[in-house]
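# sharing a model prediction with you, sequence too.
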There are 2 protein chains.
Amino acid sequence: MTELSEEITINGDAEELDPSKPLSDRLSLGVAARLSRYLQVLTQARKMGKDTISSQELSDYTHINSTQIRRDLSGFGKFGKRGVGYNVDSLVSQIRKILRTTGKHNIALFGAGNLGQAIAGSDIFADHGFRVVALFDKDADKVGHSVGENLTVRPYEDLHKVIRDEDVVVGVLAVPTAAAQEVADDLVEAGVKIIFNYSEALLQVPPEVTVHTSSPAVDLLYALYFYLT
Amino acid sequence: MTELSEEITINGDAEELDPSKPLSDRLSLGVAARLSRYLQVLTQARKMGKDTISSQELSDYTHINSTQIRRDLSGFGKFGKRGVGYNVDSLVSQIRKILRTTGKHNIALFGAGNLGQAIAGSDIFADHGFRVVALFDKDADKVGHSVGENLTVRPYEDLHKVIRDEDVVVGVLAVPTAAAQEVADDLVEAGVKIIFNYSEALLQVPPEVTVHTSSPAVDLLYALYFYLT
């Protein structure tokens, strides 16, 4: 199995550090990316009932070199048992602790269309300690409807109140491209620092705000390039 | 604006090449990743009606150093005009040509739930030359229903015939985690070489098949780590 885009994301760790923070404060971008990737696979493995996992299996799924994996994990005191591998639960807890993501982080989701409903109804965020605490839509016909297990579509006007009362740190935009900038502006004004953008809008935000734009087609183009050539 | 996960994907180009191909045959992983990222932003810019874009704007959206951008683009004969920037249309065509993605590539989509419907109804793949030619579901109640502009849900049994007749190169899995491996097995058997996995399953596939697993929560964890620390 080849995971092209992961390969360059994570291997060849250039130890790029944020110059604004002293070295001891945080992991390098490369290490944090590798740990996030291990955590994803370990979480999936746990869901599928696996108790242990070998460095070779971790390597197959992450496309990170198994020597690198053993080095990373031994670096924080985890040594796999030969012929048995690593304990999945214990590794999940350890990595979460290192990534400081043991807490719960609240998400506000915007857009109750098909994509918003798919996100609200899935575990993709919940498995990693994120909780969707509110779902907003501007369509009055959708407000008040139940979505997923315990969400009710709220009117957009409640944005500021909810962000403040629920301590929301991430805004997820599952809205049409034409509507995305306005929601981003309101999120920025409300103090949200991380925006996850599923629309195709090029969002303008201040420098202290991080935007992650989902780009499945680009990932696909990239995979296809290496398949075709 | 910070795009953390892109930064390590693309900067610090380690010039990692696929050892199975001679150097002259293909771009390095880093270059291909940067070009894909430029293409995404340029496509978005074009949709928003922009005719020109500066290297600084490209840098703001991709978080790739503007010197690197100018070097990449001048490398294939594109020079931005001072005070005007690059012509968006011309740059899109050129990058598509280099990435050899000027053709059309057919996708088969599996799962007509909320996520499948969101994908079928969006332009995310179409904008980049991919065409969803078939949507499958195992639920007999969904078969025959119209989704998006011109798709009708097809019975799962048609998989082999459709893959062959429509020359499908990519299978997109918008199915429940428990169903994903079986669909992947059938796609592999039908000769599909690229699988885009939206489920949480750890898919087992032969070495010649590329799996890309969508992992929004991991991207978010990663962004959050750098926000919290």
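Sure thing, it's come through.

# next one: the lengthiest helix in chain A to chain centre, how far?
Across chain A, the helix with the greatest residue count (assigned by DSSP state H) is helix A:29-47. When distances are taken as C-alpha atoms, centre = their mean, to the nearest Å, helix A:29-47 is centred 11 Å away from the chain's centroid.

# and that helix, which residues are buried?
By neighbour count on 16 or more other C-beta atoms under 10 Å in any protein chain shown, the buried set for helix A:29-47 is A:29-46. All C-beta atoms are positioned from the backbone trio N, CA, C, and that covers glycine.

# and chain B, which of those residues contact it?
For chain B, the contacts drawn from the buried residues of helix A:29-47 by C-beta under 8 Å from any C-beta of the partner chain are A:29, A:30, A:32, A:33, A:36, A:37, A:39, A:40, A:41, A:43, A:44, A:45.

# a markdown table please, covering those residues and showing pLDDT.
Listed next are those as a markdown table, based on pLDDT from 0 to 100:
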| residue | pLDDT |
| --- | --- |
| A:29 | 70 |
| A:30 | 75 |
| A:32 | 80 |
| A:33 | 78 |
| A:36 | 84 |
| A:37 | 84 |
| A:39 | 90 |
| A:40 | 86 |
| A:41 | 89 |
| A:43 | 88 |
| A:44 | 86 |
| A:45 | 89 |
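
# nearest to residue B:167, of the residues you listed?
Of all these, the one sitting nearest residue B:167 is residue A:44; the distance, using C-beta to C-beta, is 31.4 Å.

# need the contact list for that closest one.
For residue A:44, the contacting residues are B:200, B:201, B:202, by C-beta atoms under 8 Å, 6 or more residues apart in numbering or on different chains.

# if we go to 10 Å?
Residue A:44 sits next to A:50, A:61, A:88, A:127, B:177, B:199, B:200, B:201, B:202, B:203, B:213, B:215 when contact means C-beta atoms under 10 Å, 6 or more residues apart in numbering or on different chains.

# reformat those as JSON lines; add neighbour count, secondary structure and distance to residue B:149.
Formatted as JSON lines, the contacts of residue A:44 follow (neighbours: other C-beta atoms under 10 Å in any protein chain shown; DSSP: H, G, I helix; E, B strand; the rest coil; distance: C-beta to C-beta, whole Å):
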{"residue": "A:50", "neighbour count": "14", "secondary structure": "coil", "distance to residue B:149": "41"}
{"residue": "A:61", "neighbour count": "24", "secondary structure": "helix", "distance to residue B:149": "36"}
{"residue": "A:88", "neighbour count": "20", "secondary structure": "helix", "distance to residue B:149": "44"}
{"residue": "A:127", "neighbour count": "17", "secondary structure": "helix", "distance to residue B:149": "33"}
{"residue": "B:177", "neighbour count": "18", "secondary structure": "helix", "distance to residue B:149": "29"}
{"residue": "B:199", "neighbour count": "25", "secondary structure": "coil", "distance to residue B:149": "25"}
{"residue": "B:200", "neighbour count": "22", "secondary structure": "coil", "distance to residue B:149": "29"}
{"residue": "B:201", "neighbour count": "23", "secondary structure": "coil", "distance to residue B:149": "29"}
{"residue": "B:202", "neighbour count": "23", "secondary structure": "coil", "distance to residue B:149": "34"}
{"residue": "B:203", "neighbour count": "21", "secondary structure": "coil", "distance to residue B:149": "30"}
{"residue": "B:213", "neighbour count": "24", "secondary structure": "strand", "distance to residue B:149": "28"}
{"residue": "B:215", "neighbour count": "23", "secondary structure": "coil", "distance to residue B:149": "29"}
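
# pull the most distant pair out of those.
Across the contacts of residue A:44, the longest distance by C-beta to C-beta is 18.9 Å; it joins A:88 and B:199.

# quick one: the strands in chain A?
A:52-53, A:86-87, A:105-110, A:130-137, A:146-147, A:151-155, A:168-173, A:194-197, A:210-213 (DSSP state E).

# any chance of the ones you listed in TSV, plus distance to residue B:142 and mean pLDDT?
Listed next are these as TSV, based on distance: least, C-beta to C-beta, whole Å; pLDDT from 0 to 100:
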stretch	distance to residue B:142	mean pLDDT
strand A:52-53	36	94
strand A:86-87	41	93
strand A:105-110	25	94
strand A:130-137	24	94
strand A:146-147	19	94
strand A:151-155	24	96
strand A:168-173	27	94
strand A:194-197	29	92
strand A:210-213	30	84
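
# could I get those strands as JSON lines with distance to residue B:99?
JSON lines is the format used below for the strands of chain A (distance: least, C-beta to C-beta, whole Å):
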{"stretch": "strand A:52-53", "distance to residue B:99": "35"}
{"stretch": "strand A:86-87", "distance to residue B:99": "38"}
{"stretch": "strand A:105-110", "distance to residue B:99": "32"}
{"stretch": "strand A:130-137", "distance to residue B:99": "34"}
{"stretch": "strand A:146-147", "distance to residue B:99": "38"}
{"stretch": "strand A:151-155", "distance to residue B:99": "40"}
{"stretch": "strand A:168-173", "distance to residue B:99": "27"}
{"stretch": "strand A:194-197", "distance to residue B:99": "23"}
{"stretch": "strand A:210-213", "distance to residue B:99": "19"}
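
# from the contacts of residue A:44, which single one is nearest residue B:56?
residue B:215 (30.4 Å).

# contacting residues for the nearest residue in space to that closest one that is not next to it in sequence?
Spatially, and ignoring its direct neighbours in sequence, residue B:215 is nearest to residue A:40 (5.3 Å; C-beta to C-beta, 6 or more residues apart in numbering or on different chains). If a contact means C-beta under 10 Å, 6+ apart, then residue A:40 has A:6, A:61-62, A:127-128, B:200, B:202, B:213, B:215, B:217-219, B:221 as its contacts.

# before we move on, what about residue A:143?
Here residue A:143 is in contact with A:112, A:135, A:136, A:137, A:152, A:153, A:154, A:155, A:156, A:157, A:158 (criterion: C-beta under 10 Å, 6+ apart).

# and the first one, what is it in contact with?
In this structure, residue A:112 makes contact with A:120, A:135-139, A:141-143, A:145, A:147, A:151-154, A:174-175, judged by C-beta under 10 Å, 6+ apart.

# over to it: give its phi and psi.
For residue A:112, the backbone dihedrals are phi -110, psi 30 (criterion: degrees, to the nearest 10).

# what's the distance between the spatially closest residue to residue A:117 that is not a sequence neighbour and residue A:198?
In space, and not counting its chain neighbours, residue A:117 is closest to residue B:114: 4.5 Å by C-beta to C-beta, 6+ apart. According to C-beta to C-beta, to the nearest Å, residue B:114 stands 13 Å off from residue A:198.

# equivalent analysis for residue A:170, please.
13 Å.

# need the residues touching each of these two.
Common contacts of residue A:170 and residue A:198 (C-beta under 10 Å, 6+ apart): A:109, A:212.

# of residue B:114 and residue A:198, which one has the most company?
When neighbours are counted by other C-beta atoms under 10 Å in any protein chain shown, residue B:114 and residue A:198 differ, and residue A:198 comes out ahead with 26 against 21.
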